[in-house]
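1. sequence first, then the predicted structure, then my questions.
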Amino acid sequence: MRLLLLIVISTLSLHIIFPNQTKALSCAELEEPIIDNYDMAVVGTVLNVKNDIVQKGFTGTKETKKYVLLQVEKSWKTEVASQIIFEADFTWGYDFQKKEKNIVYLHENNGSYYNSPCSPVMEVNSSDDYPKITENEFTPNKEVNLSPKMWFKFDKDLDFVLLLFGMTVFCFIVWRWRANKK
């Protein structure tokens, strides 16, 4: 009984000393028209959705990011290519599905596009479902194929695999060098 009481007290003490830190998402209501809060809006079909682990060096903090490849049909405020890749929030963002047609509101930073967790995303089936956007409407300005760029996005940690591969190659080279010396 004393042991149980000691465990309960020590556990509670640890929770008080080292509390769990959590983050909450609170999105403010956007002023109308919604597009004024973003750099652009695009409508298109989702071609691919992939997660990617990003890490600076071998010991940096690992961060998982979600990337969406979109076949653009129309855009508002900004002219874009026929396909774009944008970063969506991994934990709070919209759950994009392949072959789904959506209107997405995006921010742009140095040629990279991103969708914040509070950005509205609407599934549409026809042009009748589009919201009334009074900004300039554009069709894609050039045909591009960004599918190969999505191929290089991995949601597995490759550092250890690459290290093992390098060590194996090094051992093989040393072994061949020593065998040729004899």
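-> In hand now; what should we look at? Numbers count the residues shown, from 1 in each chain.

2. got the phi and psi for Ser112?
-> Main-chain dihedrals, Ser112, degrees, to the nearest 10: phi -100, psi 140.

3. tell me, how many residues neighbour the residue found closest to it once you drop the neighbours it is linked to in the chain?
-> The shortest distance from Ser112 to any non-neighbouring residue, by CB to CB, 6 or more residues apart in numbering, is to Glu87 (7.1 Å). Using the backbone N, CA and C atoms, a C-beta is placed for each residue, glycine as well. Per other CB atoms under 10 Å, the neighbour tally for Glu87 reads 19.

4. just checking: what are the partner strands of the one helix or strand Glu87 maps to?
-> According to DSSP states H and E, Glu87 maps onto strand 83-88. With DSSP bridges as the test, strand 83-88 is paired with strand 62-76 (antiparallel), strand 112-115 (parallel).

5. Thr91 is nearest to which of the ones you listed?
-> Closest to Thr91 of these, according to CB to CB: strand 62-76, at 8.5 Å.

6. go through the closest one and flag the buried ones.
-> Lys65, Lys66, Tyr67, Val68, Leu69, Leu70, Gln71, Val72, Glu73, Lys74, Ser75, Trp76 (16 or more other CB atoms under 10 Å).

7. what is the nearest of those to Val104?
-> Among those, Leu70 lies closest to Val104 (CB to CB), at 7.1 Å.

8. contact partners for that closest one?
-> Val42, Gly44, Thr45, Val46, Leu47, Gln83, Ile84, Ile85, Phe86, Asn102, Val104 (CB atoms under 8 Å, 6 or more residues apart in numbering).

9. next up, the contacts around the residue nearest to Met40 when sequence neighbours are not counted.
-> Nearest residue to Met40 in three dimensions, chain neighbours excluded: Thr78, at 4.1 Å (CB to CB, 6+ apart). Residues counted as contacts of Thr78 (CB under 8 Å, 6+ apart) are Asp39, Met40, Glu108, Phe138.
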